[in-house]
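Asker: Give the three-dimensional model of this entry:
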Amino acid sequence: MIAMVLAQETPILLLEEPIAFLDIVHQIEMLDLLDDLNAEGNPGDIVTEQLVHDVFGLRALVIEDPVSDTPMIVPAKRRRGFA
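Answerer: Numbering: from 1, shown residues only. You can find the predicted model right below:
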């Protein structure tokens, strides 16, 4: 799947458990590749509150992780009386 989207030069990848069924050697290789790809673009420019809502239907805050400088998704607290 990852090879397919890379061949299509897909500009944005949202991955969930991309290495779940790989052996340990290929897991490490894939994580290295994904880390290199991530270094080419600023995730903070892509991962927005609107994108999280559109893709996952989740109202959330997107903040910068102070350790990794990458976006963190924090669920927005519901206020009493609001859905």
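Asker: Low-confidence regions, this structure specifically.
Answerer: Counting by pLDDT under 70, the chain contains low-confidence ranges at 78-83.
Asker: where do the strands sit along it?
Answerer: Under the criterion DSSP state E, the chain carries strands at the ranges 60-64, 71-75.
Asker: starting at the chain centroid, how far to the first one?
Answerer: Here the centre of mass of C-alpha atoms in strand 60-64, compared against the chain's by C-alpha atoms, centre = their mean, to the nearest Å, lies 12 Å away.
Asker: quick one: buried residues of it?
Answerer: Under the neighbour-count criterion of 16 or more other C-beta atoms under 10 Å, strand 60-64 has V62 buried. Every residue, glycine included, has its C-beta placed from N, CA and C.
Asker: for it, packing partners?
Answerer: Judged by 3 or more C-beta pairs under 8 Å, 6 or more residues apart in numbering; DSSP states H and E, the packing partners of strand 60-64 are helix 49-56, strand 71-75.
Asker: Next: the last one.
Answerer: Packing contacts for strand 71-75, counted by 3+ C-beta pairs under 8 Å, 6+ apart, involve strand 60-64.
Asker: neighbouring strands for the strand it packs on, and are they parallel or not?
Answerer: Take DSSP bridges as the rule and strand 60-64 pairs in its sheet with strand 71-75 (antiparallel).
Asker: ok, and what's touching the strand it pairs with?
Answerer: P43, G44, V47, V52, L58, R59, A60, L61, V62, I63, E64, D65 (C-beta atoms under 8 Å, 6 or more residues apart in numbering).
Asker: And the helices in the chain?
Answerer: 2-7, 24-39, 43-46, 49-56 (DSSP state H).
Asker: how about these in CSV, adding mean neighbour count?
Answerer: Formatted as CSV, the helices of the chain follow (neighbours: other C-beta atoms under 10 Å):
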stretch, mean neighbour count
helix 2-7, 10
helix 24-39, 11
helix 43-46, 12
helix 49-56, 13
